[in-house]
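Student: how would this look folded up:
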Amino acid sequence: MLRRLRIENLVLIREADLDFAPGLNAVTGETGAGKTIFAQSIGLLLGGRADAAMVGPAADETYVEAELDAEPGETLAELRPAGEDSLLVARRIFGDGRTRAYAWGRAAAREDVAAAAEGAIAMSGQFQQRRLARPAFQLDVLDAFAGAGGVRGELRAAWRELTAARRRHEELLQGAARAAERLDELGALVEATEGLEPGAEEQLRTQRERLLRLEDLVAGTAAAAEALAPEDGDGAAALAARAERAVAPLESLAPELARAGDELRDTELRLRETASELRSFLATLGAEPGRLEEIEASLQRIADARRRFGAQTYDELLARAQEANAELEALHAGVDPVQAAEQAVTATDARVRELAQHLHERRAEAAPRFAEAVAAELDGLGLGDGEFEARLTGREPGQTGADGVEFLIRPNPGLPFSPVAQTASGGELSRIALAIAVVAGGDTLVFDELDAGIGGETANAVAKALARAAETAQVITITHLPQIASRADRHFRVDKIPGDPTHTRITELGAAERRQELERMLGGAEFLATIGGTESG
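Tutor: Below you'll find the model as predicted:
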């Protein structure tokens, strides 16, 4: 979900720092107040076009930042700070139109930031169209409805095993053509890594760093020991002892000094013990002549082995050495490693196909139910003339199974089914996305065109659908309909503030302010009084 959104100097918005709630969040305001600018801020994070015209008056740059409860994806994961549990993405527009994207304050490719944000936020308009057109998204939605997450997880794991088994088999096939060379290579790898233990490289680097800074260690340790208990003169321990001797005769006159005396005696003892430990440590330094050369040689050996056998890391080198050992043992035992690898491929491929078939059965059973449920929601949302279909297609098994799915809609009877993203208008796409979210759940849904051209009973139906969607997804809707705003868990109002220059303010509303805003959206107190008078008459 979207936890927080910060906007600085975006067109008329000088500054806004908004905290969003789970459930339904409504953004309202007078026409022209700047609600579209709010939508632009989220669009920027999703990779929307940016130019210098977006930079606010008298400002040098625009900045938009969002904190998301989402995964960053493989590319941005490398930038993630330790212990950070949220995704922090941002976009900056400079006065000359240049733009930068960030993840956790670190520069990142705009495409990577947009992909990560789009993984958590579905926004109406061109972004919704792009998302609904993606086969992978449609498959994710159907699987969520079918409750197939567990099977997909098993299939992903099985696919990884199959990929590794195929790679292993291919390597062995290539090796079989040069068996003698292969044996020499395996033996060389085992020999080059003999005696190497997990974690050894890091330990050696730590020891090398210590030895390289031996002079610092000696000087610092000696200085500390001398300050505590010098060979000649008084150090900290002697001063503590002197203080204790000054207090001791007075303890009988002032018992409250007894504690001070005890602490001074204990302090002297601990200082002398610490000085002794420091000198003992000092005596060990430099006690291993030639050790630095040994460490450098060991690290060079590891570096040479990694380079020779194409290992990116020390752990990869050890893993490859373990595989080489196993292969040599199998060869010596008379086992054909190529045949064993082929059997592993066959077994894992069968497992992948079994899981893909299981997943297909789940999807085939769920697809008509899903389509029927979405069609029913569309009927209530004023799109009742259209029909909806989730059409499965077959393909070679992969990590998501052996199926593709396409969402199709027939706007009017007699017309052919067409892909949703190519057929529906902006407002219709938003309502289709809402219907899908009600049926299958989702992450964060942002609607800007949802209530375009609707009112009356359709507006009530849309409001009810938004409330249902908000039970399983976070929903943020920019609306002019009181039917929708009245159901919000959190309500924000956009106001245009006159001045030089005019600017826009976004405020979270309390209970009293919210009643006033809903009254305004209904036509104001005077209009409501007129309605009341008409009804009473």
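Student: phi, psi of the residue nearest in space to the middle of the chain?
Tutor: Nearest residue to the geometric centre of the chain (CA atoms, centre = their mean): Glu71, 2.2 Å. According to degrees, to the nearest 10, the main-chain angles of Glu71 amount to phi -90, psi 150.
Student: gap between it and Ala103?
Tutor: From Glu71 across to Ala103, the span is 12 Å (CB to CB, to the nearest Å). C-beta: built from backbone N, CA, C; applies to glycine.
Student: with Glu428 instead?
Tutor: Noted for Glu428: a distance of 34 Å to Ala103, by CB to CB.
Student: same deal with Leu278?
Tutor: Taking CB to CB, one finds Leu278 at 46 Å from Ala103.
Student: comparing the two, which residue is more hemmed in?
Tutor: Ala103 (24 against 20; other CB atoms under 10 Å).
Student: would you list the phi and psi of Ser41?
Tutor: Main-chain dihedrals, Ser41, degrees, to the nearest 10: phi -60, psi -40.
Student: roughly how far apart are Ser124 and Arg3?
Tutor: Distance, Ser124 to Arg3, using CB to CB: 21 Å.
Student: what's the answer for Gly29, then?
Tutor: For Gly29, the distance to Arg3 (CB to CB) stands at 23 Å.
Student: same drill for those two, tell me which one is more crowded.
Tutor: Gly29 (24 against 19).
Student: just to revisit the earlier point, quickly list what's touching both of Glu71 and Ala103.
Tutor: Each of 87, 116 lies in contact with both Glu71 and Ala103 under the rule CB atoms under 8 Å, 6 or more residues apart in numbering.
Student: circling back to that earlier point, what's near enough to touch the residue nearest to the centre of the chain?
Tutor: Residues near Glu71 by CB under 8 Å, 6+ apart: 77, 87, 116, 119.
Student: mind listing what's buried in stretch 486-506?
Tutor: Using 16 or more other CB atoms under 10 Å as the test for burial, stretch 486-506 gives 486-488, 490-494, 496, 503-506.
Student: which stretches in the stretch 51-200 of the chain count as helices?
Tutor: 73-77, 110-118, 126-132, 135-146, 149-176, 179-192, 200-212 (DSSP state H, counting those that start in this stretch).
Student: contacts only, for the closest residue to Leu24 other than its chain neighbours.
Tutor: Of all residues not flanking Leu24 in the chain, Ala470 sits nearest, at 3.9 Å (CB to CB, 6 or more residues apart in numbering). Residues near Ala470 by CB under 8 Å, 6+ apart: 22-24, 489.
Student: ok, now Ala53?
Tutor: Val11.
Student: and it, what pLDDT?
Tutor: For Ala53, the pLDDT comes out at 90.
Student: quick check: Glu201 touching Leu299?
Tutor: Yes - Glu201 lies in contact with Leu299 (CB atoms under 8 Å); the separation is 7.1 Å.
Student: quickly list what Gly404 is bridged to.
Tutor: Beta-bridge pairing for Gly404 (DSSP bridges): Thr393.
Student: tell me the SS of Gly32?
Tutor: Three-state call for Gly32 (DSSP: H, G, I helix; E, B strand; the rest coil): coil.
Student: that one and Val141, how far apart?
Tutor: Taking CB to CB, one finds Gly32 at 36 Å from Val141.
Student: could I get the contacts of Glu71 as CSV with pLDDT and distance to Ile295?
Tutor: What follows is the contacts of Glu71, written out as CSV (pLDDT from 0 to 100; distance: CB to CB, whole Å):
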residue, pLDDT, distance to Ile295
Ala77, 82, 33
Leu87, 89, 41
Ala116, 87, 42
Gly119, 78, 45
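Student: give me the low-pLDDT residue ranges for the stretch 301-450 of the chain?
Tutor: By pLDDT under 70, the low-scoring segments of the stretch 301-450 of the chain are 331, 334-336, 386, 424-427, 449.
Student: please enumerate the strands of it.
Tutor: For the stretch 301-450 of the chain, the strands defined by DSSP state E, counting those that start in this stretch occupy 387-398, 401-410, 418-419, 444-447.
Student: nearest to Arg110, out of those?
Tutor: With CB to CB, the closest approach to Arg110 among those belongs to strand 444-447: 19.1 Å.
Student: elements contacting the helix or strand following the closest one?
Tutor: Under the assignment DSSP states H and E, the closest C-terminal helix or strand after strand 444-447 is helix 456-469. When contacts are defined as 3 or more CB pairs under 8 Å, 6 or more residues apart in numbering; DSSP states H and E, helix 456-469 packs onto helix 337-380, helix 426-440, strand 474-478, helix 482-485.
Student: which of the ones you listed is buried the deepest?
Tutor: When the helices and strands packed on helix 456-469 are scored by mean count of other CB atoms under 10 Å, the highest mean neighbour count falls to strand 474-478 (a mean of 27).
Student: what helices and strands are in contact with it?
Tutor: The contact analysis (3+ CB pairs under 8 Å, 6+ apart) places strand 474-478 against strand 24-29, helix 35-45, strand 444-447, helix 456-469.
Student: who does that strand pair up with?
Tutor: Applying DSSP bridges to the sheet, strand 474-478 is found paired with strand 24-29 (parallel), strand 444-447 (parallel).
Student: stretch 271-278: which residues count as buried?
Tutor: Residues of stretch 271-278 classed as buried under the neighbour-count rule (16+ other CB under 10 Å) are 271-272, 274-275, 278.
Student: so which of these comes closest to Arg242?
Tutor: Leu271 (12.3 Å).
Student: quick check: closest non-adjacent residue to the closest one.
Tutor: That would be Ala237: by CB to CB, 6+ apart, it lies 3.9 Å from Leu271.
Student: what's the burial count for that neighbour?
Tutor: Residues near Ala237, counting by other CB under 10 Å, number 21.
Student: same check on Ala39?
Tutor: A count of neighbours around Ala39, defined by other CB under 10 Å, yields 21.
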